[in-house]
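Asks: Provide a 3D model corresponding to the input given below.
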Amino acid sequence: MKILVTLFVAAVTATGSLTVTLTGSGHSPKINVHWPYAVHVSINGKPATARITAQIVDPTGGAHPVQFGTSTRNITNYKIKGVFHDFIVWPASARGVPLKLRITVVTTAGRKVVSYSVVPHA
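Replies: Residues are numbered from 1 along each chain as shown. The predicted structure is shown next:
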């Protein structure tokens, strides 16, 4: 019985309390300008190793991959340790359209999805 209790405590400790924070530099970014954002991931208050996927969700619910900065490489299942910083350049076609930056985070403590609403402007 003692071994079973020890294994249960170890499993609870390993998963811990997952905290994910997504911050951006305002909810109305300018088009064609770098808009920085950051994702912070911690378990029990300590930086955690995680895999993240970034998507833009349009008003109809369609999800579109986000690329690293101005590259064409998608942020999909990308491994991080604690913090991830990048930027998005919102295109002119996004002007006035309510969008959401959605980040999916997967760690040993579980999976969490966070969103940040924006309406790009000129």
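
Asks: how about the helices in the chain?
Replies: In the chain, the segments counted as helices under DSSP state H are 2-15.

Asks: mind pulling up the pLDDT for the residue nearest to the spatial centre of it?
Replies: Nearest to the mean C-alpha position of the chain, by Cα atoms, centre = their mean, lies Ile103 at 2.9 Å. Listed pLDDT for Ile103 reads 98.

Asks: do the same with Leu18
Replies: Leu18 carries a pLDDT value of 96.

Asks: quick one: it from Ile31, how far?
Replies: Going from Leu18 to Ile31 by Cβ to Cβ, to the nearest Å gives 34 Å. (Glycine included, C-beta is placed from N, CA and C.)

Asks: more neighbours, the two?
Replies: Neighbours per residue, other Cβ atoms under 10 Å: of Leu18 and Ile31, the larger number sits with Leu18, 19 against 16.

Asks: who are the contact partners of that one?
Replies: For Leu18, the contacting residues are 41-43, 48, 105, 107, 109-110, 112, by Cβ atoms under 8 Å, 6 or more residues apart in numbering.

Asks: could you dump those into TSV with distance to Pro91 added?
Replies: Listed next are the contacts of Leu18 as TSV, based on distance: Cβ to Cβ, whole Å:
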residue	distance to Pro91
Val41	28
Ser42	33
Ile43	36
Ala48	33
Val105	26
Thr107	32
Ala109	35
Gly110	34
Lys112	28
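
Asks: which residues of the protein score low on pLDDT?
Replies: 1-15 (pLDDT under 70).

Asks: out of the contacts of Leu18, which end up buried?
Replies: The neighbour-count test (16 or more other Cβ atoms under 10 Å) marks 41-43, 48, 105, 107, 109 as buried among the contacts of Leu18.

Asks: what is the nearest of the residues you listed to Val119?
Replies: Val105 (24.3 Å; Cβ to Cβ).

Asks: contact partners for the closest one?
Replies: So Val105 contacts 18, 20, 39, 41, 50-52, 111-114 (Cβ under 8 Å, 6+ apart).

Asks: just the buried subset of these, please.
Replies: Buried, going by 16+ other Cβ under 10 Å: 18, 20, 39, 41, 50, 52, out of those.
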